[in-house]
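> Sequence and predicted structure, then a few things I'm wondering about:
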Amino acid sequence: MSAVKTRWLLLAVTAAVGGLLFGVLAAAGPRAALSFLGGEVIAVLLFEVSGFNIRYTERYLPNLTMVAAMFSYVMSAIALAVILLVSSPRVVDAQAIAIGLVAGVIVWVGTEVARTRVRSARP
């Protein structure tokens with residue numbers, strides 16, 4: 001199975017299990033489950049947009065790839081912080097969305113590290 005398929009499978013499993021756990025166990029019920037899923041979707045979208053920006057820059061302006069990557073990741077971190085700050089507690093369960101964001105980031109970064117890890121030619 002390719003790394004990309006593994007990533008999407010892990011994200012789907014994380015979303016299903018986290019949404020179910022938050023929906024059943026959290027006092028907020030469906031609001032917490034939807035907040036968790038929203039947090040995970042936000043994290044994935046930010047990483048996808050960042051990855052696209054970096055690949056685009058690498059293709060057309062290779063000298064600026066590192067600058068584009070740093071700018072993109074800093075803007076993603078700022079966007080995540082702003083989303084958490086402006087979310088209304090009546091609409092979004094802050095703890096659930098934060099855990100969803102962290103779960104999405106962990107799965108995404110973990111699969112990227114596994115995909116790009118250098119494997120030795122020797123057994």
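Great, that's in hand.

> Now tell me which helix or strand of the chain has the poorest mean pLDDT.
One helix or strand of the chain scores below all others by mean pLDDT, DSSP states H and E: helix 3-25, with a mean of 76.

> other SSEs contacting that helix?
helix 30-60, helix 94-116 (3 or more Cβ pairs under 8 Å, 6 or more residues apart in numbering; DSSP states H and E). Backbone N, C-alpha and C define where each C-beta goes, glycine included.

> Any idea which of those has the lowest pLDDT on average?
For these, mean pLDDT drops lowest on helix 94-116, to a mean of 83.

> got the CA positions of that one in PDB?
What follows is helix 94-116, C-alpha atoms only, in PDB (Å, rounded to 0.1, in the frame of the first residue of the first chain):
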ATOM      1  CA  ALA A  94     -12.600  24.000  21.900                       C
ATOM      2  CA  GLN A  95     -11.000  20.900  23.400                       C
ATOM      3  CA  ALA A  96     -12.500  18.600  20.700                       C
ATOM      4  CA  ILE A  97     -11.400  20.900  17.900                       C
ATOM      5  CA  ALA A  98      -7.900  21.200  19.400                       C
ATOM      6  CA  ILE A  99      -7.600  17.400  19.800                       C
ATOM      7  CA  GLY A 100      -8.800  17.000  16.200                       C
ATOM      8  CA  LEU A 101      -6.200  19.500  15.000                       C
ATOM      9  CA  VAL A 102      -3.400  17.600  16.900                       C
ATOM     10  CA  ALA A 103      -4.600  14.200  15.600                       C
ATOM     11  CA  GLY A 104      -4.600  15.500  12.000                       C
ATOM     12  CA  VAL A 105      -1.200  17.000  12.400                       C
ATOM     13  CA  ILE A 106       0.300  13.800  14.000                       C
ATOM     14  CA  VAL A 107      -1.100  11.500  11.300                       C
ATOM     15  CA  TRP A 108       0.000  13.800   8.500                       C
ATOM     16  CA  VAL A 109       3.500  14.400   9.800                       C
ATOM     17  CA  GLY A 110       3.900  10.700  10.800                       C
ATOM     18  CA  THR A 111       3.000   9.500   7.300                       C
ATOM     19  CA  GLU A 112       5.300  12.100   5.700                       C
ATOM     20  CA  VAL A 113       8.200  11.000   7.900                       C
ATOM     21  CA  ALA A 114       7.500   7.400   7.100                       C
ATOM     22  CA  ARG A 115       7.300   8.100   3.400                       C
ATOM     23  CA  THR A 116      10.500  10.100   3.100                       C
END
